[in-house]
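# Task: produce atomic coordinates for the following.
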Amino acid sequence: MSEFKKLLEPGYIKNLKIKNRVSMAPMEKQWGDRVGNVTQFYIDYMVERAKNDVAMITMESTFIDPVGRGNIYQLGLWDDSNIPSHKRLTDALHEFGTIAVTELQHAGRNAATYKTGFQPIAPSPIPCEISGGYIPREMSLDDIADITRKYSEAARRAREAGYDMITLHGAHGYILNSFLSPFTNKRTDGYGGSLENRYRFGTEVYQAIRAQVGEECPVGYRITADEFVEGGLTLEDTRAFIKHLEGLGLDYVDVSSGIYESAPMIINTMDFPLGGLLPYAAGMKEVLDIPVIATGRINDMRFAEQALERNEADYVHMVRAFHADPEILTKSRKGEFDDICMCNACNKCIDLMFGDQRVRCALNPSAGREREMALKPAEKKKSVMVVGGGLAGMEAARIAALRGHDVSLYEKEDELGGAIRWSSKGQYREEWGQAARYRIHSVNKAGVAVHLGQEVTLADIKAAKPDVTVLATGTKPFVPPYIPGVDNPVVSDYAKVLLGETKIGVNAVVVGGQNIGLATAEFLTEHGCKCTIVEDGDAIGADLGGIKQMVVLPRIADDANIEVRLNSNIERIGDDWVEVQSKGQSETLKGIDMVVFAWSREIVRQLADEVAADGTLADYCLIGDAVWPREPIDAIYEGAMTGRQI
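Below is the predicted model of the structure:
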């Protein structure tokens, strides 16, 4: 489409032709084996993206030394035995004309002993609390020479494995970054002190790799443009360094930001605007002649096109966008924007990675399971009745319909979406709405017969006589009926508040300080209401991912209209007061005109119990939050598997 004139324009990095300006950025996935080899499902995943016109794919951070591995199942090129599996990967990508890029990395102070079995090494013995607080050993000159050699050897292996380009990972607080940064480099020898001295290690590594691979192979550098920590690197510093490397023959720069101590600036959550890091790429372009690759929460090809039109970058990195929908580029070229499962930056993928789990996608259950979850036509067409139009029910319905079944979906509310109807409300949570919009569109496109405003009974199921019944009745807010005064008119729940079904007061008590409670409190303060959060635990936001906590908790703390009371609970509720207990002491809060329960969710399973007790339905199942209240990733996955198993 002419809409993507810039995005689809071929380009060159050195003498290597790139078929368009779309690049898939690196993201660690915990999909290698324990020694860094590429697995078949890693190849399947990358091929699915390559065959959808991605021009370049940069593999995840690839460790060059076991001491510096960042994750347990990370890819590695530390040994010649790694070469064959990487060669299978690059061969598979080359079949689709995709440029294969490796990103060589040593985690340095970010490495964790429990993952590597070694004490970390770094320019100075400054621990990274985010990765466990292990005190690194300060590198000797022999260590520096040894790591430089290991980078060079890894580059040789990369070329033997068929990689077309080599990126040095000099960002995010890893070893190259930590030498460059005054925040982490306190050395007094020739590798520390002045900016020029702090250049030295990165320069020597680059020169060693260039000598190893020759002038024909494009070599680039991933840079943290700004560390966003006091005393850290700024754009002025990093521009000067990359300009210096450009003078030595560097072929391109990949512009990121942040270190682990400022992790939200590495991987923006939905709390951040799209393309928040583009100014840093643009800042690099102002002083460089080599190609600049931009990154940072770009999830829409139309937005990427605009960035290129504004000359903020030469190429655009997208990774979570391709994680959520491998066909995002091909669908965009056809103008099929409603068919795109758009990444909403929920960061579940990142939470799993940092939690030492295999990375998945909350919205795309096929990510990393491309082979096992390939859709196959149903052997026999069946009538399927799905009760509940939340994420699990919609996914089960659409998958079953795509396989050829005759599917009817029933939802008691006047719209589909389930819990997403309320969880997408509020200034920082709107993008959850995209998850519902995509599946609503997909359900309709798949030919599912949707029945809104109909609460299904056992008699309804028996009358419809479906071959298969799927119960996805979800949850509802839990308001404890046993608290004295709970029937008072001031009492409400999070769903009613977020959906605009209750009048917002001026002074509220929100019961519950986890994700639901924090969302409710922020929504109320956006509407001019002061809030006291009463949380029975010793921390708020404990169910948020680590990076999300780094964003949300300071925002709550800085909000003058939110007070947090930990280790506390509601004892009684009056007309305009609430009795709060904490550590054996009670206090009456007065002038309260709202009490909002955002404490927990209650399973809606009355229908499931009736079906089970009746015992006459031959084929039915219970899925999603109706089994147990969990997260969208679980609901969508169960829906996807159910639709495939019918």
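# What segments of the stretch 301-450 of the chain are strands?
Under the criterion DSSP state E, counting those that start in this stretch, strands of the stretch 301-450 of the chain are mapped to 315-318, 383-387, 406-411, 449-452.
# Turn the ones you listed into JSON lines, including mean pLDDT.
Shown next, in JSON lines, are the strands of the stretch 301-450 of the chain (pLDDT from 0 to 100):
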{"stretch": "strand 315-318", "mean pLDDT": "98"}
{"stretch": "strand 383-387", "mean pLDDT": "98"}
{"stretch": "strand 406-411", "mean pLDDT": "98"}
{"stretch": "strand 449-452", "mean pLDDT": "98"}
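# Please identify which of those is closest to Q207.
Evaluated over these, closeness to Q207 peaks at strand 315-318, with 24.6 Å, by C-beta to C-beta. For the C-beta atoms, the positions are set from N, CA and C on the backbone; glycine is no exception.
# ok, which stretches of the stretch 151-300 of the chain are helices?
175-180, 195-213, 235-247, 278-285 (DSSP state H, counting those that start in this stretch).
# Pull the residues that contact the second one.
Under the contact criterion C-beta atoms under 8 Å, 6 or more residues apart in numbering, helix 195-213 has outside partners 104, 123, 144, 147-149, 151-153, 155-156, 158-159, 166, 168, 170, 176, 179-182, 185, 187, 190-192, 219, 221, 237, 240-241, 244-245, 248-250.
# Just the buried subset of those residues, please.
104, 123, 144, 147-148, 151-153, 155, 158-159, 166, 168, 170, 176, 179-182, 185, 187, 191-192, 219, 221, 237, 241, 244-245, 250 (16 or more other C-beta atoms under 10 Å).
# Which of these fall within strands?
Secondary structure of the buried ones among the contacts of helix 195-213 is defined by DSSP state E; positions in strands are 104, 166, 168, 170, 219, 221.
# which one is the fifth one nearest to, not counting chain neighbours?
If the residues on either side of it in the chain are set aside, V219 comes closest to I166, at 5.1 Å by C-beta to C-beta, 6 or more residues apart in numbering.
# Mind listing the residues bridging to the one you found?
T102, V219 (DSSP bridges).
# Packing partners of the worst-scoring helix or strand of the chain on mean pLDDT?
In the chain, the helix or strand scored least confidently by mean pLDDT, DSSP states H and E is helix 420-423, which has a mean of 94. For helix 420-423, the helices and strands in contact under the criterion 3 or more C-beta pairs under 8 Å, 6 or more residues apart in numbering; DSSP states H and E are helix 432-445, helix 494-498.
# so how far is it off the chain centroid?
19 Å (C-alpha atoms, centre = their mean, to the nearest Å).
# Provide the backbone phi and psi angles at S582.
Backbone torsions for S582, taken as degrees, to the nearest 10, come to phi -150, psi 120.
# which residues does it form a beta bridge with?
In beta-bridge terms (that is, DSSP bridges), S582 pairs with S568, Q585.
# Hmm, I570 and it touching each other?
No: counting by C-beta atoms under 8 Å, S582 sits too far from I570 to count as a contact (10.9 Å).
# who's more crowded, those two?
Shown here are S582 and I570; by other C-beta atoms under 10 Å, I570 has more neighbours (22 against 14).
# Now do the same contact list for the more buried one.
483, 509, 511, 534, 578-581, 595.
# repeat that with 7 Å
For I570, the contact set (C-beta atoms under 7 Å, 6 or more residues apart in numbering) comprises 483, 511, 534, 578, 580.
# which of the residues you listed lies closest to E9?
Sorting the contacts of I570 by how near they are to E9, with C-beta to C-beta, puts V511 at the top with 55.3 Å.
# Tell me the backbone dihedrals of the closest one, please.
Per degrees, to the nearest 10, the backbone of V511 is at phi -90, psi 110.
# I'd assumed W599 was in contact with it.
Yes: at 5.0 Å, V511 and W599 qualify as touching, with contact defined as C-beta atoms under 7 Å.
# More neighbours: these two, which one.
Just comparing V511 and W599: by other C-beta under 10 Å the higher neighbour count belongs to V511, 30 against 23.
# Please report how far the more buried one lies from V595.
Distance, V511 to V595, using C-beta to C-beta, to the nearest Å: 7 Å.
# What is the three-state secondary structure of the residue nearest to Q549 when sequence neighbours are not counted?
Among residues not flanking Q549 along the chain, G541 sits closest, at 5.4 Å (C-beta to C-beta, 6+ apart). Recorded secondary structure, G541: coil (DSSP: H, G, I helix; E, B strand; the rest coil).
# all strands for the stretch 501-646 of the chain, in order.
507-511, 530-534, 562-565, 568-573, 577-582, 585-590, 594-597, 601-603, 620-622.
# which strands and helices sit next to the third one?
Of the remaining helices and strands, those touching strand 562-565 by 3 or more C-beta pairs under 7 Å, 6 or more residues apart in numbering; DSSP states H and E are strand 530-534.
# then the strand it packs on to CSV, C-alphas only?
Extracted C-alpha coordinates of strand 530-534, given in CSV (Å, rounded to 0.1, in the frame of the first residue of the first chain):
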residue,chain,number,x,y,z
LYS,A,530,-9.5,11.2,47.4
CYS,A,531,-8.8,7.6,48.3
THR,A,532,-7.5,5.6,51.3
ILE,A,533,-6.3,2.2,50.2
VAL,A,534,-6.8,-0.4,53.0
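# Identify the residues contacting it?
506-511, 513, 517, 521, 524-525, 540, 561-565, 568-570, 580, 589.
# For ChimeraX, write the select line for the buried members of the residues you listed.
With 16+ other C-beta under 10 Å as the criterion, this ChimeraX line picks the buried residues out of those:
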select :507,508,509,510,511,513,517,521,524,525,540,561,562,564,565,568,570,580,589
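# For N110, give me its contacts.
70, 128, 131, 173-174, 260.
# now the residues you listed as CSV including distance to G447?
Shown next, in CSV, are the contacts of N110 (distance: C-beta to C-beta, whole Å):
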residue, distance to G447
G70, 45
C128, 52
S131, 49
G173, 50
Y174, 49
Y260, 47
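# Quickly name whichever of the residues you listed is closest to I461.
Using C-beta to C-beta, the contacts of N110 come closest to I461 at G70, 50.9 Å.
# Any figure for the gap between the closest residue to the closest one other than its chain neighbours and S262?
Among residues not flanking G70 along the chain, A107 sits closest, at 4.0 Å (C-beta to C-beta, 6+ apart). For A107, the distance to S262 equals 17 Å [C-beta to C-beta].
# Ok, G505 next?
37 Å.
# Could you do D467 as well?
Distance from D467 to S262, by C-beta to C-beta: 54 Å.
# So the two - more neighbours on which side?
S262 (19 against 15).
# how about M550, what does it touch?
Contacts of M550 by C-beta under 7 Å, 6+ apart are 263-264.
# How about V38?
V38 neighbours (C-beta under 7 Å, 6+ apart): 32, 75, 85-86, 88-89.
# I'd like those residues as CSV, with pLDDT and secondary structure appended.
Conversion of the contacts of V38 to CSV gives the following (pLDDT from 0 to 100; DSSP: H, G, I helix; E, B strand; the rest coil):
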residue, pLDDT, secondary structure
G32, 97, coil
L75, 98, coil
S85, 98, helix
H86, 98, helix
R88, 98, helix
L89, 98, helix
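# for those residues, which one is nearest V359?
Closest to V359, out of all of those and judged by C-beta to C-beta, is G32, at 11.4 Å.
# which intervals of the chain have sub-threshold pLDDT?
1-2 (pLDDT under 70).
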